[in-house]
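> sequence and predicted structure are below.
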Amino acid sequence: MYEIKKISVIGSALMAGWISGCLSLISLVVSIIFYASFLIDSDAGWIIGFGIGLVVLGYIAGFIFGVLVAWLYNLWSDWVGGVKLEICQIAEAEKNKPAPNKTIK
C-alpha cells in the first residue's frame with residue numbers, strides 16, 4: 001500500500017488548467033455549431049471574441065483551482081492522512097493477455 005503525501009502545486013495547476021481549457025474549447029465549438037445560423041446573419045465578431053475570452057478564462061480558472069486543490073491537499077494530508085493506493089506490478093505476459101469475456105446476469 002502506498003500513500004500520496006504531497007502533490008506538486010504547479011503540476012496540478014497546469015493539468016487542471018489544460019483540462020478546464022480543453023473543456024471550454026469543446027464547449028465553444030459546440031456553441032458555434034449550435035448557433036451557426038445566428039452567427040451568419042449578424043455581426044458575429046464580438047460573439048466569437050467573447051467565446052475565445054471564455055476559453056482563456058477557463059484555462060485561468062482551472063489553473064487557480066488546481067493550485068487551490070493541491071495546496072489544500074498538501075496542507076490537510078498530514079492531519080487526515082493522504083490518499084492510499086494499492087499498486088501491483090503486472091507481469092509482461094499478463095499485459096498482452098486479452099481480457100476475459102464476462103457477461104452480466
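Received the coordinates, thanks.
> C-alpha only now, for contacts and for neighbours.
Noted.
> check which element follows the longest helix anywhere in the chain along the chain.
Secondary structure of the chain read by DSSP state H shows that its longest helix is helix 45-80. Using DSSP states H and E, the helix or strand that follows helix 45-80 in sequence is strand 83-85.
> secondary structure element holding the residue nearest to the spatial centre of the chain?
Nearest to the mean C-alpha position of the chain, counting by C-alpha atoms, centre = their mean, stands I19 at 3.3 Å. I19 is part of helix 9-34 when elements are defined by DSSP H and E.
> and that helix, what does it pack against?
If you count contacts as 3 or more C-alpha pairs under 8 Å, 6 or more residues apart in numbering; DSSP states H and E, helix 9-34 packs onto helix 45-80.
> the helix it packs on vs helix 9-34, what angle?
On the basis of axes from the mean of the first three to the mean of the last three C-alpha atoms, to 10 degrees, helix 45-80 is oriented at 150 degrees to helix 9-34.
> what are the buried residues along helix 45-80?
51, 54-67, 69-71, 73-74, 77 (16 or more other C-alpha atoms under 10 Å).
> chain center to the longest helix of the chain, what's the gap?
Mean C-alpha position of helix 45-80 versus that of the full chain (C-alpha atoms, centre = their mean, to the nearest Å) differs by 10 Å.
> same for that helix, what does it pack against?
Under the contact definition 3+ C-alpha pairs under 8 Å, 6+ apart, helix 45-80 sits against helix 9-34.
> which parts of the helix it packs on count as buried, going by neighbours?
Using 16+ other C-alpha under 10 Å as the test for burial, helix 9-34 gives 9, 12-14, 16-22, 24-25, 28, 32.
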